[in-house]
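Chemist: Coordinates for the following, if possible.
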Amino acid sequence: MNSIEMVPVMELPHPGGYVANPVLSKGEGKPLIFLHGLFGQEWGGFLDDLAAVRKVYAPAHAGSVDLSDLETLDGLWDLLIYYDDLFTSLRLDRFDLVGHSFGGMVAAEFAAMYPERVGKLVLIDALGLWNDDYPVADHLLSTPAVQTAMRFHNLENAAVAEEIKAPTDPDQVQAALVKRFLALSSTSQFIHPIPERGLRKRLRRIKADTLIIWGAEDRLTPRAYADDFAAGIKGARQAIIADAGHTPHLEQRDLVSERVRTFLG
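Modeler: Sure, this is the predicted structure:
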């Protein structure tokens, strides 16, 4: 369940001159950054669980607040520099990093480019790799109903049902449509038409202790990619989550939260 309105927001000016990033932040302790997936900035029960033991920062992806940012973010390397500047503005030199889906791709790329800055790395159903034998599904050109089927394993799961429940207030409907459009537009710039920019050959650079979490029934990024990430990152561990699709931290929150908190120590 997304409860962004309940979380303090840091409107953080960006040194690159981009629109201020509305970083969600909660908790105390060692810093942890969460990078969200394809469908917009989020804060749900999983992040509340992490914020019980850590200081959690959850920024919005570049361009998802204002598409004008994308005019000067020409590709992956500009995007990584954007996040390096953002994390520096948060006065974070070294931190643990959790990324889901598109955010998992960015997290892995960041950990490969700046290996000394990431302590522990958690990748949840991450994009970033490609294999013709089990291609990543095309969410961008799919209908909302098909996108929902890609994201979740069981639509009757209580947390999933709450997540996909359509608002009834016209203003909330409009806000949800705008958020969805901005999220898909901002992420597609860096992954369309194929969500792969050579990450496989850079995985060897990741020094962070890594946990790979994957929904066993993921219809968007097939479970085989968990093996591919594990093969490329030295010492990486896997946790395959039964009865979960592309969002195991929502569909099986208690189990995933326990695994991640144990891993983070």
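
Chemist: And the strands in the stretch 51-200 of the chain, which stretches?
Modeler: Using DSSP state E, counting those that start in this stretch, the strands of the stretch 51-200 of the chain run over 55-58, 95-100, 118-124.

Chemist: Report the contact partners of the closest residue to Gly128 other than its chain neighbours.
Modeler: Nearest-residue entry for Gly128: Met105, 3.5 Å, with adjacent residues in sequence omitted and distances by CB to CB, 6 or more residues apart in numbering. Any C-beta I mention is one placed from the backbone N, CA and C, and that applies to glycine too. Counting by CB atoms under 8 Å, 6 or more residues apart in numbering, Met105 makes contact with 99, 126-128, 191, 195, 199.

Chemist: Just name the closest of those residues to Asn157, please.
Modeler: Ala126 (21.6 Å; CB to CB).

Chemist: so who does the closest one touch?
Modeler: Counting by CB under 8 Å, 6+ apart, Ala126 touches 99-101, 103-105, 107-108, 212, 221, 225, 229.

Chemist: Among these, which one lies nearest to Asn21?
Modeler: Gly103 (13.8 Å).

Chemist: My guess is that closest one contacts Ile33. True?
Modeler: No - judged on CB atoms under 8 Å, Gly103 makes no contact with Ile33 at a distance of 9.5 Å.

Chemist: Below-threshold pLDDT in the protein: ranges please.
Modeler: Residue ranges of the chain with pLDDT under 70: 1-3.

Chemist: Quick check: longest helix in it by residues?
Modeler: When the chain is parsed with DSSP state H, its longest helix is helix 170-191.

Chemist: Contacts for that helix, please.
Modeler: 38-41, 61-65, 67, 69-70, 73, 75-76, 79, 102, 105, 127, 140, 166-167, 197.

Chemist: Out of the residues you listed, which end up buried?
Modeler: 38-41, 61-65, 69-70, 73, 76, 79, 102, 105, 127, 197 (16 or more other CB atoms under 10 Å).

Chemist: Helices - which of those residues land there?
Modeler: In this view, the buried ones among the contacts of helix 170-191 that belong to helices under DSSP H are 76, 79, 102, 105.

Chemist: quick one: contacts for the first one?
Modeler: I take that to be Leu76. 109, 190, 197.

Chemist: From these, pick the one nearest Arg91.
Modeler: Glu109 (22.2 Å).

Chemist: can you pull out the helices in the chain?
Modeler: Using DSSP H, helices in the chain cover 45-51, 76-89, 102-113, 144-151, 158-164, 170-191, 224-232, 248-251, 253-264.

Chemist: right, and these - which one's nearest Val7?
Modeler: Set against Val7 and scored by CB to CB, the helices of the chain come closest in helix 45-51, at 8.1 Å.

Chemist: For that closest one, what is the distance to the chain centroid?
Modeler: 14 Å (CA atoms, centre = their mean, to the nearest Å).

Chemist: Which residues does it contact?
Modeler: By CB under 8 Å, 6+ apart, helix 45-51 touches 1, 24, 26-27, 32, 34, 56, 58, 98, 159, 249-250, 253, 256-257, 260-261, 264.

Chemist: try 7 Å
Modeler: 1, 26-27, 32, 34, 56, 58, 249-250, 253, 256-257, 260-261 (CB atoms under 7 Å, 6 or more residues apart in numbering).

Chemist: Make a ChimeraX selection of the buried ones in these.
Modeler: If you want just the buried ones from the contacts of helix 45-51 in ChimeraX, going by 16+ other CB under 10 Å, the selection is:
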select :1,26,27,32,34,56,58,249,250,253,256,257,260
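
Chemist: which one among the contacts of helix 45-51 gets closest to Thr148?
Modeler: Distances from Thr148 to these, taken by CB to CB, are shortest for Leu250, at 12.5 Å.
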